[in-house]
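**Student:** predicted coordinates and the sequence they were generated for:
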Amino acid sequence: MRILGIDPGSRLTGYGVIDTTATGFRYVASGSIKVLGDYFPDRLKQIFDGIITVVQLYHPDCAAIEQVFMHKNADSALKLGQARGAAICAVQSTNLSVAEYAARQVKQALVGKGSADKIQVQHMVKILLNVQGQMQIDASDALGIAICHAHWQQTANRLTELRQ
């Protein structure tokens with residue numbers, strides 16, 4: 001199964017594509033959609049178009065995206081939610097399913113604790129996917145979301161097998 005992970009952002013939206021295999025995961029691609037301009041509706045369209053391009057390039061079977069969380073700045077959370085909405089609409093327009101995960105779930109799945117920082121997540125992503133060299137934080141977060149989804153899917157599949 002090929003999974004597209006998305007780390008939404010109003011200026012930088014990370015994406016990561018992995019394949020699940022019998023022995024684990026295989027890195028396919030990652031990067032960021034850099035959004036330019038100040039007119040927010042244009043930025044949302046750039047996110048939408050960028051996700052469509054990624055789907056067309058890598059042909060994932062499904063997608064996973066990080067949920068929005070409210071920290072201190074309500075305006076930032078609203079913009080992040082809109083960026084996330086643009087990404088979800090793009091994925092849905094290609095008829096792919098989209099799973100959603102809280103940041104704490106992703107960190108728990110990768111590092112073993114929900115309070116892990118971005119560097120710890122990036123480190124585990126690189127180990128699990130056997131990736132060397134530099135990696136953008138947004139891209140590693142997106143890959144982490146894809147890995148988290150793969151873990152959840154594997155668990156769901158095992159539970160289904162046990163019930164049969």
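**Tutor:** Happy to help now that I have it. Since we're looking at a predicted model, the values are computed, not measured. Numbers count the residues shown, from 1 in each chain.
**Student:** who are the packing partners of the helix or strand bottoming out on mean pLDDT in the chain?
**Tutor:** Using mean pLDDT, DSSP states H and E, the weakest-scoring helix or strand in the chain turns out to be helix 137-163, at a mean of 89. If contacts are counted by 3 or more Cβ pairs under 8 Å, 6 or more residues apart in numbering; DSSP states H and E, helix 137-163 sits against strand 2-7, strand 12-21, strand 24-34, strand 62-66, strand 98-101, helix 103-111, helix 118-129. All C-beta atoms are positioned from the backbone trio N, CA, C, and that covers glycine.
**Student:** low-confidence stretches in this structure?
**Tutor:** Within the chain, the segments meeting pLDDT under 70 span 70-71.
**Student:** could you rerun that using 90?
**Tutor:** 10, 21-24, 68-79, 112-118, 133, 152-164 (pLDDT under 90).
**Student:** distance of residue 35 relative to residue 12?
**Tutor:** Distance, residue 35 to residue 12, by Cβ to Cβ, to the nearest Å: 7 Å.
**Student:** settle it for me: which of the two has more neighbours?
**Tutor:** More neighbours surround residue 35 than the other of residue 35 and residue 12, with 20 against 17 (other Cβ atoms under 10 Å).
**Student:** and residue 29, bridged to which residues?
**Tutor:** residue 17 (DSSP bridges).
**Student:** which residues does residue 12 bridge with?
**Tutor:** residue 34.
**Student:** tell me who's in contact with it.
**Tutor:** Listed by Cβ atoms under 8 Å, 6 or more residues apart in numbering, the contact set of residue 12 reads 32-35, 138.
**Student:** pull out the buried residues from those residues.
**Tutor:** Among these, those classed as buried by 16 or more other Cβ atoms under 10 Å are 32-33, 35, 138.
**Student:** could you identify the most distant pair in the residues you listed?
**Tutor:** 35 and 138 (11.4 Å; Cβ to Cβ).
**Student:** now the common contact residues for these two.
**Tutor:** Between them, residue 35 and residue 138 share the contacting residues 9, 12-13, judged by Cβ under 8 Å, 6+ apart.
**Student:** could you dump those into a markdown table with distance to residue 2 added?
**Tutor:** As requested, those are arranged in a markdown table below (distance: Cβ to Cβ, whole Å):
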| residue | distance to residue 2 |
| --- | --- |
| 9 | 23 |
| 12 | 23 |
| 13 | 19 |
